[in-house]
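Asks: Kindly return the folded structure for what I paste below:
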Amino acid sequence: MTLYAWARRRALTTLPAAEPRLFDVAADTRVLGHCHWQPVRNDAPTLVMLHGLEGSSEAHYMRGLADKAFGRGFNVIRLNMRNCGGTEHLSRGLYHSGLTADPRAVIEALRDRDGLRAFAVAGYSMGGNITMKLAGELGSSELPEIRAFAAVSPVIELEACVQAIERRENRIYEWNFCRNLQARMRRKVRAFPGSFDLDGLWKVWSIRAFDDRYTAPHHGFDSAEDYYQRASAMRVIDRVARPALILSAADDPFVPPQIFDAPAVRNNPHLTMMIPSCGGHCAFVESMNGLARRSSSEGGYDGYFAEQTVVDFLAAHVFS
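Replies: Numbering: from 1, shown residues only. You can find the predicted model right below:
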């Protein structure tokens, strides 16, 4: 299902053209958001969306979720992480899997400059970890304008998820991730000559090795293992104090379902857990004519279960 969803193309004819917008999130860093505004944007809640590792605002799940959320009345911001979506020239640094400062800065800008007053955050995979880490860091009082959170296939325990990717049967996925990471680093150095040492980059064919060489030291972590420990949402998930949905599949090749059995997850009353038996990673495609069919949007239900479930959950808490 993971491969099927990645390879399948969808025509989202009801999603209007996006307005590109740059957000200053640090002194030397800008990120690109693709914004879909309701006719009266200040009267609508705003969904900020976060993609996965080496993804972008153009990922199939980002566009699919945006289509459904816009149809339910949300403004939608499809946010690119630092350097993603062709934006290597906008930031001197790199992103990492727990970098909550950027989406937080975007939401603060939308609140302070645009006058928007109600938000939700949804993330997939790496973006799901960032979403849940942000929810834990904010607790019950900071940025009260964020009403609810949702995470699909979230890598909330990074070490366990990297170990899963390292399994032999997942080698094709890790190879693809590393191929993209290598290409991104080459583009990065073209944009900022001398910023990173690329000597031997072609030999880096594991995510752990890449993080140990580039991500961890760049962000002040002692090692890849230290990075995975400190950047995981699991460290703060017991502090989540607003409605939050976690949707992951028991057959996810990267996200072991047992990580969601941790007491910090299971004992938090603010978390709604959904762990269906199948769904793959960021996929969740079911029959359009099955018993689970729903048609809350004008165009009907296209079978992408996670997208519909996230929109239903967030709408219930943001529009109430």
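
Asks: Let me know how buried the nearest residue to residue 213 once chain neighbours are set aside is, in neighbour terms.
Replies: The shortest distance from residue 213 to any non-neighbouring residue, by CB to CB, 6 or more residues apart in numbering, is to residue 204 (6.4 Å). Backbone N, C-alpha and C define where each C-beta goes, glycine included. By other CB atoms under 10 Å, the residues close to residue 204 number 19.

Asks: how about residue 204, what does it touch?
Replies: By CB atoms under 8 Å, 6 or more residues apart in numbering, the contact list for residue 204 reads 178, 181-182, 210, 213.

Asks: Out of the residues you listed, grab the one that's most surrounded.
Replies: For the contacts of residue 204, the largest neighbour count, defined by other CB under 10 Å, is 21 neighbours, found at residue 181.

Asks: Give me the secondary structure label for it.
Replies: helix (DSSP: H, G, I helix; E, B strand; the rest coil).

Asks: Likewise for residue 150?
Replies: Strictly by three-state DSSP, residue 150 counts as strand.

Asks: what's the spacing between it and residue 276?
Replies: Distance of residue 150 to residue 276, given as CB to CB, to the nearest Å: 15 Å.

Asks: Among those two, which residue is more densely surrounded?
Replies: residue 150 (31 against 16).

Asks: Provide the partner residues of the more buried one in its beta bridges.
Replies: Per DSSP bridges, the residues bridged to residue 150 are residue 122, residue 245.

Asks: Show the contacting residues for residue 91.
Replies: 26, 28-31, 82-83 are the contacts of residue 91 under CB under 8 Å, 6+ apart.

Asks: Over to residue 93?
Replies: Listed by CB under 8 Å, 6+ apart, the contact set of residue 93 reads 26, 28-29, 82, 218-219.

Asks: and stretch 143-155, average pLDDT?
Replies: Mean pLDDT, stretch 143-155: 97.

Asks: For the nearest residue to residue 134 once chain neighbours are set aside, grab the count of nearby residues.
Replies: Nearest residue to residue 134, sequence neighbours excluded (CB to CB, 6+ apart): residue 100, at 4.3 Å. For residue 100, the tally of surrounding residues (other CB under 10 Å) stands at 22.

Asks: List the backbone torsions phi and psi for the residue nearest to residue 213.
Replies: As for residue 204, its main-chain torsions (degrees, to the nearest 10) stand at phi -90, psi 100.

Asks: what does the model give residue 293 for pLDDT?
Replies: 46.

Asks: Below-threshold pLDDT in the chain: ranges please.
Replies: Counting by pLDDT under 70, the chain shows low-confidence ranges at 1-9, 287-300.

Asks: try 80 this time
Replies: Scanning the chain for pLDDT under 80 picks out 1-13, 287-302, 320.

Asks: For the contacts of residue 204, could you give me JSON lines that also reports distance to residue 269?
Replies: As requested, those are arranged in JSON lines below (distance: CB to CB, whole Å):
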{"residue": "178", "distance to residue 269": "40"}
{"residue": "181", "distance to residue 269": "38"}
{"residue": "182", "distance to residue 269": "43"}
{"residue": "210", "distance to residue 269": "38"}
{"residue": "213", "distance to residue 269": "41"}
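
Asks: So which residues of the stretch 101-250 of the chain form strands?
Replies: Assigned by DSSP state E, counting those that start in this stretch, the strands in the stretch 101-250 of the chain fall at 119-124, 146-152, 244-247.

Asks: that older thread, of the contacts of residue 204, which is the nearest to residue 12?
Replies: Closest approach to residue 12 among these (CB to CB): residue 181, at 28.0 Å.

Asks: you'd agree that closest one is up against residue 210?
Replies: Yes. In this structure, residue 181 is within contact of residue 210 by CB atoms under 8 Å, at 5.3 Å.

Asks: Quick check: residue 153 touching residue 129?
Replies: No. Under the criterion of CB under 8 Å, residue 153 makes no contact with residue 129, lying 9.8 Å away.

Asks: which parts of stretch 123-135 are buried?
Replies: 123-135 (16 or more other CB atoms under 10 Å).

Asks: Likewise for stretch 164-174?
Replies: 164-165, 170, 173-174.
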